[in-house]
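Peer 1: Just the structure for this:
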Amino acid sequence: MNYDFIFELEKKEYDPVYCQTDEFLNSVLHPDFFEIIPSGIKYAREDVIDLLVNKMPPRKTTFSVPKIEQLAGDIVLITYDMKVEIENEPPKYTYRASIWRQVGEQWLHYYHQATIRTQAT
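Peer 2: Residues are numbered from 1 along each chain as shown. This is a model prediction of the structure:
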């Protein structure tokens, strides 16, 4: 099965048109979603929604081609590189991993982790 549509949903989480509304985020984040940010701090679903909706500065994001693997019938792992550019700051490069779970007919983002890289690869 082709899971590219899941990565398209994930990219929308970084798009201000979508990520600055809690309606979209509530529709794609699993109720038990959590994220480990680069500093190692664990953020709960509510923390991530608050950060994206209320505190994220304008930015440009560039994504590598993802690697998408089905781990089980209802679980997909997506890994990719991302470059984030915020005005007046040096670009940040991260390696990202996400787990998505199918709940009924809908795919929901269950887990995310970002690791900072010192440069693009």
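Peer 1: for this structure, which spans come out with low pLDDT?
Peer 2: 120-121 (pLDDT under 70).
Peer 1: The closest residue to Asp32 other than its chain neighbours: helix or strand, and which one exactly?
Peer 2: Distances taken as CB to CB, 6 or more residues apart in numbering place Tyr110 nearest to Asp32, at 6.8 Å, with adjacent residues excluded. C-beta here means a position set from N, CA and C on the backbone, and glycine is covered the same way. Here Tyr110 is covered by strand 106-117, with elements defined by DSSP states H and E.
Peer 1: Who are the packing partners of that strand?
Peer 2: helix 4-12, strand 29-36, strand 75-85, strand 92-103 (3 or more CB pairs under 8 Å, 6 or more residues apart in numbering; DSSP states H and E).
Peer 1: can I get the ones you listed in TSV with mean neighbour count?
Peer 2: Output for these, formatted as TSV (neighbours: other CB atoms under 10 Å):
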stretch	mean neighbour count
helix 4-12	14
strand 29-36	16
strand 75-85	16
strand 92-103	17
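Peer 1: Save these as a markdown table, and put in distance to Arg117 too.
Peer 2: Below are those laid out as a markdown table (distance: least, CB to CB, whole Å):
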| stretch | distance to Arg117 |
| --- | --- |
| helix 4-12 | 19 |
| strand 29-36 | 16 |
| strand 75-85 | 8 |
| strand 92-103 | 4 |
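Peer 1: does the most far-flung residue of the chain relative to its centre sit in a helix, a strand or a coil?
Peer 2: Most distant residue from the mean C-alpha position of the chain: Asn88, 23.4 Å away (CA atoms, centre = their mean). Here Asn88 is recorded as coil under DSSP: H, G, I helix; E, B strand; the rest coil.
Peer 1: Quick check on it: phi, psi?
Peer 2: Here is the backbone geometry of Asn88 (degrees, to the nearest 10): phi 70, psi 20.
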